[in-house]
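> 3D, please:
(6 chains)
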Protein chains: 6
Amino acid sequence: MFSVTIRDHMMIAHSLRGEVFGPAQRLHGATYIVDATFRRATLDADGIVVDFARAADALRAVLSELGYRNLDAEAGLAGMNTTTEALARVVADRLADHVRAGALGDGAMELDGLVVTLHESHVAWASYERPL
Amino acid sequence: MFSVTIRDHMMIAHSLRGEVFGPAQRLHGATYIVDATFRRATLDADGIVVDFARAADALRAVLSELGYRNLDAEAGLAGMNTTTEALARVVADRLADHVRAGALGDGAMELDGLVVTLHESHVAWASYERPL
Amino acid sequence: MFSVTIRDHMMIAHSLRGEVFGPAQRLHGATYIVDATFRRATLDADGIVVDFARAADALRAVLSELGYRNLDAEAGLAGMNTTTEALARVVADRLADHVRAGALGDGAMELDGLVVTLHESHVAWASYERPL
Amino acid sequence: MFSVTIRDHMMIAHSLRGEVFGPAQRLHGATYIVDATFRRATLDADGIVVDFARAADALRAVLSELGYRNLDAEAGLAGMNTTTEALARVVADRLADHVRAGALGDGAMELDGLVVTLHESHVAWASYERPL
Amino acid sequence: MFSVTIRDHMMIAHSLRGEVFGPAQRLHGATYIVDATFRRATLDADGIVVDFARAADALRAVLSELGYRNLDAEAGLAGMNTTTEALARVVADRLADHVRAGALGDGAMELDGLVVTLHESHVAWASYERPL
Amino acid sequence: MFSVTIRDHMMIAHSLRGEVFGPAQRLHGATYIVDATFRRATLDADGIVVDFARAADALRAVLSELGYRNLDAEAGLAGMNTTTEALARVVADRLADHVRAGALGDGAMELDGLVVTLHESHVAWASYERPL
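From the prediction side, this is the model:
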């Protein structure tokens, strides 16, 4: 099994609902260092898992919809607790939409799965893994 | 599949038994940067894999029993070669005990598995993965 | 010249005023990985630059006043553009206040200077350096 | 499941064939930070996954055959697009050859699998995973 | 004193002349992770050291002239041994040209100095520091 | 001003004397990731700060005298509290001895200074800087 990972980041504001979050119930924010991993059993004719430039563009597009925003006010995330793990899924699912819409090229239809990891600090990170 | 990882560390002295260890047969020591990963198929009602603060406390508790000690003199590790890979299992198993004892809350009973990685330097690390 | 550095972090929301900031004029947020460096020409009788535990506590205290908050609403930062470089100075100056108030012990009076670095992502960071 | 990872690196020149590679079709180069992970279900009598020194030597030997070279001129890679993902497989397969030839000792015959990750920059890396 | 650092990278091929370089006398290559640090005694009216976006663009422009190339064939580097330390100076000097040409804005005329660090691997890097 | 940095590591056991050290008064240990920085105003005829291979060998030689040992029992460190900052000086001073003895070649006589940084964990490190 092959995989390729691309790193990018986004900076957001949000608050979390629930006593379990302690001071993070207040409006605060985070830089998420985002690693998107694309998995595939065999390489394509060019010897790659995915067109790196297109994959980076798709990741950038997904992060641009979330970054430099207050997630508490985002219609697309309404009613959701935007925890690191939940956001990892949002990024992965939106990236999967780009793959299925052909934004990463025909070769990307052969991808087997996707993992998205969001690093919220040097001591904490969360991942979501899904098939494609 | 979701996962959340918490990083902490411990500093220990020990020696290793066996010719394969060369100079590491002498009494020496290590800083282990410890990454504990908690895995779960679905998020709980708060949108999390595990209560982060409780998980960090449990990891801290496990590492406090080992840290700032000479592992060669620890009764709980008697007869064991405290290699990085063996210590990864010790940390994972003790963390699993905390989960089962309820220290991470009722939600943690839904956890599927645990991975513990011990980084002994910038060029070497070991992991142990187990179900919960 | 000796130095000792301690790493911690804080997570905040804020917005920046000025066209130069582009989308960062919107309410967003950041994780700042904070490195506080203490400098001193000679070591004290214990062979250290500063009492590490007290220094870590002082840094934690300074970051706790800022973390998990919307800096736009903080009275102590009113009228200030809370850029990474400006916040590096805020942290350094408040840490210097702790040193002068004796919170790091008598030995810390011998410190020559302080550097505070705030990493806002894996590709950008800012520092402020000052004498003590 | 246990694993042990060793990090090393190599510096190579190469060019890539195919429009998808854009400017990387020109002769350029890369430093690959290489992580080789050895997996095993149980530890051996010494409490290890693999003899660390022998594994590091085998990885060094594999990387020495590729490093400080123009891969476009390497007979062993003729006709191959030496992408990061393709090179991850080359390193993994050659390392597997060393294991099967006994270079890592008899214990290494119990290894279950191998993962090789090549980091081409701080924002991109590729992996190849295979059984042993 | 304030500073701001921006990280980017470039991938090049080259060879080094001189017995001291051993196998690096052969045509090979490197990924250089490049950190450009801008220093300034006081912040401007926006509370910044330099316009981050313009500084990042200038660094990108400098690296684009070198990246994805065989430096042995670059007219602008003819007769020069393109060691990591020498390239750090090339990048710093070219960046200084951008500053003086006004590409980073009028505020950048107040910059005191520049440091450029090129990381050639996880175990080696070189810097060049100059006034502005 | 130019500089070149080489990273290596050592693993040691020790204990610290003084109430200020809390649990670190017990016998424990550390992995020190060691960065040795060599500074020089101008490059030599080969375009380098120092012969990298010789510098790496000298650093390895210094660390080999300390690594895989219990520093409490080392005659050369008798009576010394082997704190991270004190060890940074020991490494720097011994490295300076190698430079002066000619182990890094004649060119190394032009070096202006040396900085040694010892990282004891991902959240703490200490440096010692000296002229040559």
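> residue numbers of chain A in contact with chain B?
A:17-18, A:20-22, A:80-86, A:88-89, A:122-130 (C-beta under 8 Å from any C-beta of the partner chain). C-beta here means a position set from N, CA and C on the backbone, and glycine is covered the same way.
> restricted to helices, list those.
A:Thr84, A:Glu85, A:Ala86, A:Ala88, A:Arg89 (DSSP state H).
> ok and the residue in chain A nearest chain F?
Here chain A gets closest to chain F at one residue, A:His122, 6.5 Å apart by C-beta to the nearest C-beta.
> where's the nearest residue to that residue once chain neighbours are set aside, which helix or strand?
Spatial nearest neighbour of A:His122, excluding adjacent residues (C-beta to C-beta, 6 or more residues apart in numbering or on different chains): C:Ile33 at 5.3 Å. Assigned by DSSP states H and E, C:Ile33 belongs to strand C:28-40.
> can you state the direction angle for that strand and strand A:28-40?
Interaxial angle of strand C:28-40 relative to strand A:28-40 (axes from the mean of the first three to the mean of the last three C-alpha atoms, to 10 degrees): 100 degrees.
> list the buried residues for the helix or strand that strand C:28-40 is followed by?
Using DSSP H and E, the helix or strand that follows strand C:28-40 towards the C-terminus is helix C:52-66. By neighbour count on 16 or more other C-beta atoms under 10 Å in any protein chain shown, the buried set for helix C:52-66 is C:Phe52, C:Arg54, C:Ala55, C:Ala56, C:Ala58, C:Leu59, C:Val62, C:Leu63, C:Leu66.
> show me how far stretch A:101-109 is from its chain's centre.
17 Å (C-alpha atoms, centre = their mean, to the nearest Å).
> just stretch A:52-70 next, same as before
That offset, for stretch A:52-70, works out to 9 Å (C-alpha atoms, centre = their mean).
> now check it, is it near chain C?
Yes - using C-beta under 8 Å from any C-beta, stretch A:52-70 reaches chain C at A:Gly67, A:Tyr68, A:Arg69, A:Asn70.
> who's in contact with the first one?
Just to be clear, that refers to A:Gly67. Each residue near A:Gly67 by C-beta atoms under 8 Å, 6 or more residues apart in numbering or on different chains is listed here: A:Met10, A:Met11, A:Ile12, C:Pro23, C:His28.
> ok, now how distant is it from D:Phe52?
Using C-beta to C-beta, to the nearest Å, A:Gly67 is found at 42 Å from D:Phe52.
> list the contacts of the residue lying closest to A:Gly18 once chain neighbours are set aside.
Setting aside the residues directly before and after it, A:Gly18 is nearest to B:Asp46 in space (C-beta to C-beta, 6+ apart), at 4.4 Å. Contact analysis of B:Asp46 by C-beta under 8 Å, 6+ apart lists A:Arg17, A:Gly18, A:Val20, A:Phe21, A:Asn81, A:Thr83, B:Gly107.
> which ones among these map onto strands?
Here DSSP state E is the test, and those give no hits in strands at all.
> now render those residues as TSV, adding pLDDT and neighbour count.
Below are the contacts of B:Asp46 laid out as TSV (pLDDT from 0 to 100; neighbours: other C-beta atoms under 10 Å in any protein chain shown):
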residue	pLDDT	neighbour count
A:Arg17	98	16
A:Gly18	97	16
A:Val20	96	22
A:Phe21	97	20
A:Asn81	98	20
A:Thr83	98	27
B:Gly107	86	18
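> who in chain A is up against chain D?
A:1-8, A:43, A:46-49, A:51-53.
> drop anything exposed from the residues of chain A next to chain B.
Buried subset of those (neighbour count, 16+ other C-beta under 10 Å): A:17-18, A:20-21, A:81-86, A:88-89, A:122-129.
> report the outermost residue of chain A with respect to its centre.
What lies farthest from the middle of chain A is A:Ala45; by C-alpha atoms, centre = their mean that is 27.0 Å.
> how far away is that one from chain C?
With the distance defined as C-beta to the nearest C-beta, to the nearest Å, A:Ala45 ends up 33 Å from chain C.
> show the model's pLDDT score for that residue.
Note on A:Ala45: pLDDT of 95.
> and for A:Gly22?
For A:Gly22, the pLDDT comes out at 97.
> skip the chain neighbours and tell me the closest residue to it.
In space, A:Gly22 is closest to B:Ala53, 6.6 Å off (C-beta to C-beta, 6+ apart).
> do the same with A:Leu132
With C-beta to C-beta, 6+ apart, the residue lying closest to A:Leu132 is A:Leu111, at 4.6 Å.
> neighbours of the one you found, just the number please.
By other C-beta atoms under 10 Å in any protein chain shown, 22 other residues sit near A:Leu111.
> end to end, how far does stretch A:24-31 reach?
Distance across stretch A:24-31, first residue to last, is 14 Å (C-alpha to C-alpha, to the nearest Å).
> that one near chain E at all?
No - with C-beta under 8 Å from any C-beta as the criterion, chain E is not reached by stretch A:24-31; the gap is at least 13.8 Å.
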